[in-house]
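Chemist: below is the sequence, then the predicted model.
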2 protein chains.
Amino acid sequence: MAAELTLSQLTEKHRPTLDQALAAIRSRAYWSPHPEHPKAYGETAPAEGLAAFEAVRGTRFDLDQPGTDGWTGGEVSPYGPELGVEYPHADADVLLPAMKAGIAAWRDAGPETRALVSISARTHEFAHAVMHTSGQAFMMAFQAGGPHAQDRGLEAVAYAYEEQTRVPGQADWSKPQGKRDPLELGKTFTAVPRGIALVIGCNTFPTWNGYPGLFASLATGNAVLVKPHPRAVLPLALTVKVAREVLAEAGFDPNLVALAVERPGEGIAKTLAVRPEIKLIDYTGSTEFGDWLEANARQAQVYTEKAGVNTVVVDSTSDYKGMLSNLAFSLSLYSGQMCTTPQNLLIPREGIETDAGHKSYDEVVADLAASVGGLLGDDARANALLGALVNPDVKARLEAAAGLGEVALASREVANPEFPDAVVRTPVIVKLDAGKQDPEAAYLSECFGPVSFAVAVDSTADALELLRRTVREKGAMTVGAYTTSADTERAIEEVCLEESAQLSLNLTGGVYVNQTAAFSDFHGSGGNPAANAALCDGAFVSNRFRVVEVRRQA
Amino acid sequence: MAAELTLSQLTEKHRPTLDQALAAIRSRAYWSPHPEHPKAYGETAPAEGLAAFEAVRGTRFDLDQPGTDGWTGGEVSPYGPELGVEYPHADADVLLPAMKAGIAAWRDAGPETRALVSISARTHEFAHAVMHTSGQAFMMAFQAGGPHAQDRGLEAVAYAYEEQTRVPGQADWSKPQGKRDPLELGKTFTAVPRGIALVIGCNTFPTWNGYPGLFASLATGNAVLVKPHPRAVLPLALTVKVAREVLAEAGFDPNLVALAVERPGEGIAKTLAVRPEIKLIDYTGSTEFGDWLEANARQAQVYTEKAGVNTVVVDSTSDYKGMLSNLAFSLSLYSGQMCTTPQNLLIPREGIETDAGHKSYDEVVADLAASVGGLLGDDARANALLGALVNPDVKARLEAAAGLGEVALASREVANPEFPDAVVRTPVIVKLDAGKQDPEAAYLSECFGPVSFAVAVDSTADALELLRRTVREKGAMTVGAYTTSADTERAIEEVCLEESAQLSLNLTGGVYVNQTAAFSDFHGSGGNPAANAALCDGAFVSNRFRVVEVRRQA
């Protein structure tokens, strides 16, 4: 009775959202149920969010999980302050069996209930937690860490629901036998989970990159163990807390979602990933560890997003100013610390045709440098756009990049009056020549952070060959291109179709190559080395469960 | 103009079939467009089929493929005769690049054209080719090798079409910006293939097991290289021939489908499987090679069907006679050489309750032996049901099995008047005791062929534990069970849901545990060690292509 009531409440509250999400992933038109302006959450919401964040600092974050054998933590904000939060450390030999206990009931609840419960496991208090673990500026931390992450999670729930309901729950089968009676069977079909899923979180987008796998696995009936990046625990710890509460409220075992935080240097992702109970792994991070997971976690389905080298081909444009300002924003946003930020700008050494006349290679680079400089000239605006460098490795790469070629735009230190210890830097643009540099040592390796290479190429045709080689060998989450030629456009498109890369053409307004919108844009393609899955499509969810059929003589 | 005409002809001819297939995979009710009675194909069809088979014997099977550097063959029918057919041997360094040449046009044709062309690549002249390579009796070779294989291929085409069309070809995206103009983008979405797919055929069901992967890969835009089992080349060579003709007729490159036949002992599957051009692999065969593929062909998506140990739990029945005759047929069909044939019959040592009274373990086994003996007592009927042993390994296993325990039913040699050299044997049933034998040395290893073990267990609860262990450790394509107890039924179902095994309950009529019907039944679950994919579901097709998005400022 209580459970039915809960289901009816869940249905009333969340079924319309699910239905809209299902329609959106079919039409791929714009849709989001999560407003991206902080004020949409109420006048007092920002202050309440900050207060909630401050309240959790310096505390022990108790999740009441089985197998807790100690406490660990140590997050330091890229803006300076220590978070001082301690999280439960788990004995996997106790926690994993406990997580399995609730799976049968969660499975039996069926796809719709799982979708509705998953949808209600959302929360909005992430802005400061994301800001102080990723180094994103507040507005981006709010948007990407909250509503946009929730969009991606809901998208995964919608795909999971649709995928599980492609087969009916039951079917009557009657095969004619000529003059004899037909053969008749009753058949039931049940989506069964794989087991326990492991989500290995990343430093820069703990919720945005973590939610698709988390919700896809949960909505397909699996238990989910969340292992955050040691520098970005809090956003996912908050997520796990909410998920556990929602599951318990709906009458399910809260241990279906649990947190695994490591002690410094413990490296638990490697040991958890090969546990026989772990059947699904979602990972965002380095190519090295992603490759290791794919090679070694053979008992699991492994979904990885790894490094890539994103390219923009600059052939020609009918809106030179728009192109420059669009690119300047793309290079600056979150200090280039997005997996989608362009790294290599391929520009013909003879220059390009534009609505403002012919522009030489040097002019294009100088104008882009000026555009970035102008965009970030004001410190307050620079802080709001750049955020902070997420860790010392990024800073080291930024400093080393200047030595790779002629610096067209030097990186500038920006003071942050609110957080004096924050490491804030504007992007560096380095001029390279495709014919002269050793590609592997320079532009053909991912240089994650606020570093872009303006690579001079012999021609647009050469640019396309380099684009093809880059995507095929190094992978790419995004490709951008500017051209006024229909033939060139078609040629770029063909490279992207053949090498499976997501392409943005002639962006000159308020949409940027590094942003993808849930329900409409695919994040990655799953078809080049940067990622073996796309967010979000059928392939992302279809192997997280299996369908078991029971046939009975009718 | 010519291409449009072809498309409209294709649409008129095959779109209704595609639509019915799409409806069938949703309802999972009975449906097949391929009659399973030979006479449905015309009075003269059987004679014509035989004539076509005889005409190809002793000839060179020329496919006009690029890179043919010699000829090879050597199939000997399990019924005795040498086939004497020579097939092209391919230089992969020439053939594979030639196969890539047609992919872009095939991709650009789109999901519907690909589906319709794939549907028209069907043919009906397989019965004798399958019979004389697999050793199946004529009727089974006709049904399983022809219409049932085509059903499975069409099912894969339907899934491939549905999966690729879940995303629209294009979308207009408009994101409100408050008082400012909305952000607007035009987006196109294209399903792009992975590259070249490799189908590695098996000896026993070359078409039935080969078609799903072949058609799933082709319909998702890939080129397909078919590498048949050296003992069962002809059915797949005929398939490749038809596919090449149909592709050429529809204006596509015939090299999108090609054949790779190996010289004796060459082992080309291993070298082809790790070629960088090969992005998809479908394999049916031994666990050893399947595991090798999964571990080594890391550049490809690998779909495997491997060995398993199929179990029937005998707890109780309300139709003792029906159960015995149903089981007898299942054990006899094609001499137990189906991946779905039951191997272990788990029977409580205290006996079972039936509508014919309590039956001791010994009585159940003796009655089953008698039922098999009766079914196969007449040599003509035995030949029609058993077919021939496919290769000497099966015969050796059959002979060795008698030494594993007390023989309840001895295997009998059956003479085949038409083919005196055919090796025809009735099944052996061996009594084992779960508590006494070393399971790994006896019933817990797959003993492929006409060998069943009547395993005495302490209780039905013990049977379920053994069932769970068997499925988890060894895998199972099928599980059967007989019980009149609702509680026991639920317990068996729970084991199958938890271990991801397909369950048939209380079959006593004309449906057998070893048969699955396309469009309705799943073949394997993809969730236990017997197979990493099911035929056919979304997961079987969703990763054979990727979706590439192109965004343009509107």
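Modeler: Good, I have the coordinates. Note that this is a predicted model, so its numbers are computed, not measured. Numbering: from 1, shown residues only, chains lettered A, B, ... in the order given.
Chemist: for chain B, what are the nearby residues on the stretch 251-400 of chain A?
Modeler: Contact residues, the stretch 251-400 of chain A versus chain B (CB under 8 Å from any CB of the partner chain): A:294-295, A:298. Every C-beta, even on glycine, is put in place using the N, C-alpha and C of the backbone.
Chemist: hmm, the helix of greatest length in chain A in reach of chain B?
Modeler: Using DSSP state H to define each element, chain A has its longest helix at helix A:2-27. Yes. Using CB under 8 Å from any CB, helix A:2-27 reaches chain B at A:25-27.
Chemist: ok, stretch A:223-241 next?
Modeler: No. Figure legend: stretch A:223-241 not in contact with chain B (CB under 8 Å from any CB); closest approach 13.3 Å.
Chemist: now stretch A:461-470
Modeler: No. Stretch A:461-470 lies apart from chain B when judged by CB under 8 Å from any CB; the minimum separation is 13.5 Å.
Chemist: go through the longest helix of chain A and flag the buried ones.
Modeler: Burial within helix A:2-27, assessed by neighbour count using 16 or more other CB atoms under 10 Å in any protein chain shown, is assigned to A:6-7, A:10, A:14, A:17-18, A:20-22, A:24-26.
Chemist: and what of stretch A:31-46?
Modeler: A:31-34, A:38, A:41, A:45-46.
Chemist: same question for stretch A:412-419.
Modeler: A:412, A:414, A:416, A:419.
Chemist: how about the residue most central in space within chain A, nearest residue that isn't a chain neighbour?
Modeler: Residue closest to the mean C-alpha point of chain A, counted by CA atoms, centre = their mean, is A:Asn209 at 2.8 Å. Once flanking residues are discounted, A:Asn209 sits nearest to A:Thr284: 4.1 Å by CB to CB, 6 or more residues apart in numbering or on different chains.
Chemist: what's near enough to touch the one you found?
Modeler: By CB atoms under 8 Å, 6 or more residues apart in numbering or on different chains, A:Thr284 lies in contact with A:200-202, A:205, A:209-210, A:304-305, A:339.
Chemist: from those residues, which land in strands?
Modeler: Assigned to strands by DSSP state E, the following of those qualify: A:200, A:304-305.
Chemist: what helices or strands is the longest helix of chain A leaning on?
Modeler: If you count contacts as 3 or more CB pairs under 8 Å, 6 or more residues apart in numbering or on different chains; DSSP states H and E, helix A:2-27 packs onto helix A:110-120, helix A:147-164.
Chemist: tell me the mean pLDDT over that helix?
Modeler: Mean per-residue pLDDT for helix A:2-27: 84.
Chemist: ok, now stretch A:461-475?
Modeler: When pLDDT is averaged along stretch A:461-475, the result is 97.
Chemist: for it, buried residues please.
Modeler: A:462-468, A:470-472, A:474-475.
Chemist: okay, the helices and strands packed on helix A:2-27, which one's buried deepest?
Modeler: Highest mean neighbour count among those (mean count of other CB atoms under 10 Å in any protein chain shown): helix A:147-164, with a mean of 27.
Chemist: just after that helix, pick out the following helix or strand.
Modeler: strand A:170-177 (DSSP states H and E).
Chemist: ok, that following strand: who's next to it in the sheet?
Modeler: strand A:180-193 (antiparallel) (DSSP bridges).
Chemist: just send the residues of helix A:2-27 next to chain B back as TSV, with distance to B:Glu494 too.
Modeler: Shown next, in TSV, are those (distance: CB to CB, whole Å):
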residue	distance to B:Glu494
A:Ile25	33
A:Arg26	35
A:Ser27	40
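Chemist: list just the nearest of those to B:Phe126.
Modeler: Lowest distance from B:Phe126 to the residues of helix A:2-27 next to chain B (CB to CB) belongs to A:Arg26, with 38.9 Å.
Chemist: how close does the closest one get to B:Phe142?
Modeler: Using CB to CB, to the nearest Å, A:Arg26 is found at 42 Å from B:Phe142.
Chemist: cool, and A:Pro529?
Modeler: 47 Å.
Chemist: higher neighbour count, these two?
Modeler: B:Phe142 (25 against 21; other CB atoms under 10 Å in any protein chain shown).
Chemist: grab the nearest non-local neighbour of the more buried one.
Modeler: B:Ala127 is the one closest to B:Phe142 (CB to CB, 6+ apart), at 3.9 Å.
Chemist: point out where the stretch 1-150 of chain A drops to low pLDDT.
Modeler: A:1-5, A:121-124 (pLDDT under 70).
Chemist: which residues of the stretch 251-400 of chain A fall in helices?
Modeler: A:268-273, A:287-296, A:320-332, A:361-375, A:379-386, A:392-401 (DSSP state H, counting those that start in this stretch).
Chemist: deepest of these, which one?
Modeler: Ranked by mean neighbour count, these are led by helix A:320-332 with a mean of 22 (mean count of other CB under 10 Å).
Chemist: got the contact list for it?
Modeler: Outside helix A:320-332, the residues touching it (CB under 8 Å, 6+ apart) are A:312, A:314, A:317, A:341-342, A:345, A:354-356, A:359, A:367-368, A:371-372, A:374-376, A:382, A:385-386, A:426-427, A:429, A:450, A:452, A:480, A:482, A:506-509, A:512-514.
Chemist: in strands only, show me those residues.
Modeler: A:312, A:314, A:317, A:345, A:354, A:359, A:429, A:452, A:480, A:482.
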